[in-house]
Structure formats: structure tokens, C-alpha cells
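*Asks:* using only what follows, build the 3D model:
(one chain, ligands or ions: 1)
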Amino acid sequence: MKNDDVKLERSYEKNIKIMGKSLRTSRIMLIASLGIVYTVMLFMENNSWIALAFTGFFTALLAFTFYAKQIGIIYFGEYSLEVSASGDIFITILHGHCPKCEGHLKLHKKRKTFNSFVVFIKCDLNDSHIWNADAFEKKT
Ligand SMILES: [Zn+2]
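*Replies:* Below is the predicted model of the structure:
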């Protein structure tokens with residue numbers, strides 16, 4: 001199967017920004033870490049369960065961000081959340097039809113080293129319908 005037959009189209013792409021600054025995974029992890037420290041201190045000071053609930057929230061945020069950075073892409077419905085090698089976060093829509101069957105194509109990433117991924121395109125109906133997709137990697 002030639003790679004040319006496999007097309008995955010990014011029909012929507014939005015860089016998530018907060019107050020003009022690109023929302024990077026490193027920033028979220030820093031904020032979440034500070035949030036955990038601060039809410040734990042609040043909890044120890046006055047036994048506030050609300051503070052502890054926020055600790056849980058920041059911990060979940062930290063874990064999710066770490067996970068997203070590890071795998072590079074998370075699908076939710078028709079949208080996907082993509083994290084570039086530098087940690088910029090994008091909301092995207094990816095479209096692709098499997099040339100071998102009726103399946104849809106999805107982008108998968110596997111971390112190779114600290115900041116390089118192996119990228120491949122895989123059919124959601126058949127795991128053997130798989131193509132190399134290094135050219136498709138986000139370079140930003
Ligand atoms: Zn297929």
C-alpha cells in the first residue's frame with residue numbers, strides 16, 4: 001500500500017491561548033503543581049474539604065496534562081487535542097477514510113525519546129491497516 005493513498009486531513013486547528021499566550025503543557029503542569037502545594041497547605045491549616053477537593057482537581061489536571069504530553073493526541077468525539085513536541089496545545093479535527101475498508105483513520109503517537117515521537121496512522125476497525133505518518137507530525 002502506497003502512502004499516497006492514505007490521507008488524513010486536519011480540517012480544523014486552533015492553538016489554545018490564554019490572554020494572548022500559547023497554553024503550553026509546561027505552564028499547566030507548573031500551575032497545577034503550585035495549586036497542589038497551595039491547597040494542601042490550606043487543608044492542613046484549616047481542615048477545609050473544599051481545599052482538598054481543589055487538590056484533587058489540580059492532581060487530575062497534572063496527571064491529564066502529563067498523559068496528553070506523553071501520547072501527543074487525545075480524541076474526544078470529532079475533535080482531538082494535540083500536543084506538539086514543544087508542548088503547545090491545539091484543538092483539531094482530523095478526517096481520514098481507510099483505503100482498505102470502511103474504517104476511519106486515526107493518528108497515533110508513541111514517544112520515542114524525551115521529545116521525539118513515532119507517528120502512525122491507524123484504521124479504527126482493523127489494527128493491521130496501519131501506515132507510517134512521520135510527515136504528518138506537528139513540528140511547531
Ligand atoms: Zn481499515
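*Asks:* and L34, what does it touch?
*Replies:* Listed by C-beta atoms under 8 Å, 6 or more residues apart in numbering, L34 has no contact partners. All C-beta atoms are positioned from the backbone trio N, CA, C, and that covers glycine.
*Asks:* err, L52, not the other one
*Replies:* Here L52 is in contact with 39, 43 (criterion: C-beta under 8 Å, 6+ apart).
*Asks:* from I28, how far out is it?
*Replies:* According to C-beta to C-beta, to the nearest Å, L52 and I28 sit 21 Å apart.
*Asks:* close to the ion: what parts of this protein are there?
*Replies:* Counting by C-beta under 5 Å from the ion, the chain comes close to the ion at 98, 100-101, 103, 123, 126, 129.
*Asks:* buried residues in the host helix or strand of L30?
*Replies:* Using DSSP states H and E, L30 sits within helix 25-46. By neighbour count on 16 or more other C-beta atoms under 10 Å, the buried set for helix 25-46 is 25, 28-29, 32, 35-36, 39-40, 42-43.
*Asks:* now do stretch 92-101
*Replies:* Neighbour count says stretch 92-101 has 92, 94, 96, 98-99 buried, by 16+ other C-beta under 10 Å.
*Asks:* relative to the ion, which of these is nearest.
*Replies:* C98 (3.2 Å; C-beta to the ion).
*Asks:* dump the residue contacts of the closest residue to the closest one other than its chain neighbours.
*Replies:* Distance criterion C-beta to C-beta, 6 or more residues apart in numbering; nearest residue to C98, sequence neighbours excluded, is C123 at 4.1 Å. Shown in contact with C123 (C-beta under 8 Å, 6+ apart): 98, 100-101, 103-106, 129-130.
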